[in-house]
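[1] Model the following, please.
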Amino acid sequence: MKSDLFAGEHLAEAATFPGMSLQNAKSVKYVVNGEMHARQGSMIAFRGDLAFERKGQGIGGMLKRAVTGEGLALMAVRGQGEAWFAHEAQNCFIVEIEQGDALTVNGRNVLCFDPTLSYEIKTVKGAGMTGGGLFNSVFSGYGKIALVCEGAPIVIPVAPQAPVFVDTDAVVGWSERLHPSLHRSQSLGSMMRGGSGEAVQLKLEGEGFVIVRPSERTALKASAN
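    Numbers count the residues shown, from 1 in each chain. Now for the predicted structure:
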């Protein structure tokens, strides 16, 4: 049988090195040699001798989603083999974190990550947001993390004296050395009149980068009501 499916990004060829790699724009392949962590329910296929264990609030923990504070359950994948991960056909991309660096990430965008990475929950506090703040997980150590978002991600450099303002619903993550705060772009009078729907942004100052998705699903729904 001949088909274009048996070539290029469609064909899952035998692994040549351990760890994660992009299978295609919508999925990640992870060659497991010991253990790794992934978003619960994100495994779409595997081969080899692998076991999947749900993680509680211990070492696996819970990743809190931005704004809502909802939890994201993780699972540990152990053994020898290959596994493929995806989430709702969203775009996948990989970020490599080096020793001494850190990345703060919205929990809803986490797909899978190396066991050499650790994380802690932090909050950007401020009024005017549902739940009273922005919950993110800060990943540190060394290794790779696979993230997902709707559409192709946009990476915006941040330079000193030139802060970047991003929509709180569109932000995926940013380099931890940046200083985040909440910023109001509308006056009280404008908000009382209905405003533009862009009342509060996340302000990022310092030197680094921020990752955003080209989608504002929550904002669009709100403006449609």
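[2] Can you pull the poorly scored residue ranges out of the chain?
    Scanning the chain for pLDDT under 70 picks out 1-16, 56-72, 124-135, 185-199, 216-225.
[3] Identify the single longest strand in it, thanks.
    Counting by DSSP state E, the longest strand found in the chain is strand 71-85.
[4] Each with direction, which strands does the helix or strand following it pair with?
    Next helix or strand after strand 71-85 toward the C-terminus (DSSP states H and E): strand 91-97. Strand 91-97 sits in its sheet next to strand 143-149 (antiparallel), going by DSSP bridges.
[5] got the angle between the strand it pairs with and strand 71-85?
    Here strand 143-149 runs at an angle of 100 degrees relative to strand 71-85 (axes from the mean of the first three to the mean of the last three Cα atoms, to 10 degrees).
[6] contacts for strand 143-149?
    19-20, 28, 85-88, 90-97, 103, 105, 109-117, 139, 153, 172-173, 211, 213, 215 (Cβ atoms under 8 Å, 6 or more residues apart in numbering). From N, CA and C alone the C-beta is placed, and that goes for glycine too.
[7] can you do 6 Å?
    Here strand 143-149 makes contact (Cβ atoms under 6 Å, 6 or more residues apart in numbering) with 20, 28, 87, 90-96, 109, 111-114, 116-117, 139, 172, 213.
[8] Pull out the buried residues from it.
    Neighbour counts over strand 143-149 (16 or more other Cβ atoms under 10 Å) mark Gly143, Lys144, Ile145, Ala146, Leu147, Val148, Cys149 as buried.
[9] what pairs with the third one across the strands?
    Going by DSSP bridges, Ile145 is paired in beta bridges with Val95, Phe113.
[10] can you map out the helices along the chain?
    188-192, 217-224 (DSSP state H).
[11] residues in contact with the nearest residue to Ser21 once chain neighbours are set aside?
    Leaving out its chain neighbours, the residue that sits closest to Ser21 by Cβ to Cβ, 6 or more residues apart in numbering is Lys29, at 5.5 Å. For Lys29, the contact set (Cβ under 6 Å, 6+ apart) comprises Ser21, Gln23, Trp84.
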